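S.K.: Using only what follows, build the 3D model:
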Amino acid sequence: QVQLVESGGGLVQPGGSLRLSCAASGIIFSIHVMGWYRQAPGKQRELVATATTDGITTYADSVKGRFSISRDGAKNMVNLQMNSLKPEDTAVYYCHADRLWVGSQLLSREYWGQGTQVTVSS
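M.R.: Numbering: from 1, shown residues only. The predicted structure follows:
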């Protein structure tokens, strides 16, 4: 059974930092895209950052220059370093996995983690 296990959420003061980690288990193939989404109360889930096995990264405009995503492709792990956190970053953060490399072919699969709460408040 495929699982994405997140860790690293918590409570932090404005201007502080947190590091989220996500590890995939139950998958023998390399995950093409891993990333983070977030959902604040009363709002839709939105993309935060993604990273591919090719090293291509994308960021939401709201987090550019503050957040950094990194991959360990061999281990199907992804980290999100969050600096200069703001109250508006408060949300449940979800790890996401998209498409699997099977040899040289991409297999369409999608997985979500359970989410980890990040609260930025003084």
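
S.K.: For this structure, give me the ranges with low pLDDT.
M.R.: Scanning the chain for pLDDT under 70 picks out 73.

S.K.: isn't residue 27 right up against residue 4?
M.R.: No - the pair residue 27 / residue 4 is not scored as a contact, 9.3 Å apart, by Cβ atoms under 8 Å. (Glycine included, C-beta is placed from N, CA and C.)

S.K.: Compare those two and say which one has the larger neighbour count.
M.R.: The neighbour count for residue 27 versus residue 4, taken as other Cβ atoms under 10 Å, is higher for residue 4 (24 against 16).

S.K.: Name all residues that make contact with the nearest residue to the more buried one once chain neighbours are set aside.
M.R.: Closest residue in space to residue 4, ignoring its immediate chain neighbours: residue 113 at 3.7 Å, by Cβ to Cβ, 6 or more residues apart in numbering. Residues near residue 113 by Cβ atoms under 8 Å, 6 or more residues apart in numbering: 3-6, 22, 94-96.

S.K.: Residue 75: which of those residues is nearest?
M.R.: Within these, the smallest distance to residue 75 is 10.9 Å, found for residue 22 (Cβ to Cβ).

S.K.: in what helix or strand does that closest one lie?
M.R.: strand 18-25 (DSSP states H and E).

S.K.: packing partners for whatever helix or strand comes next after that strand?
M.R.: Downstream of strand 18-25, the next assigned helix or strand under DSSP H and E is strand 30-39. Strand 30-39 sits against strand 18-25, strand 46-52, strand 67-72, strand 77-82, strand 91-102, with contacts defined as 3 or more Cβ pairs under 8 Å, 6 or more residues apart in numbering; DSSP states H and E.

S.K.: Dump those strands into TSV; add distance to residue 119 and mean neighbour count as well.
M.R.: TSV is the format used below for these (distance: least, Cβ to Cβ, whole Å; neighbours: other Cβ atoms under 10 Å):
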stretch	distance to residue 119	mean neighbour count
strand 18-25	10	18
strand 46-52	16	19
strand 67-72	16	18
strand 77-82	12	22
strand 91-102	9	19
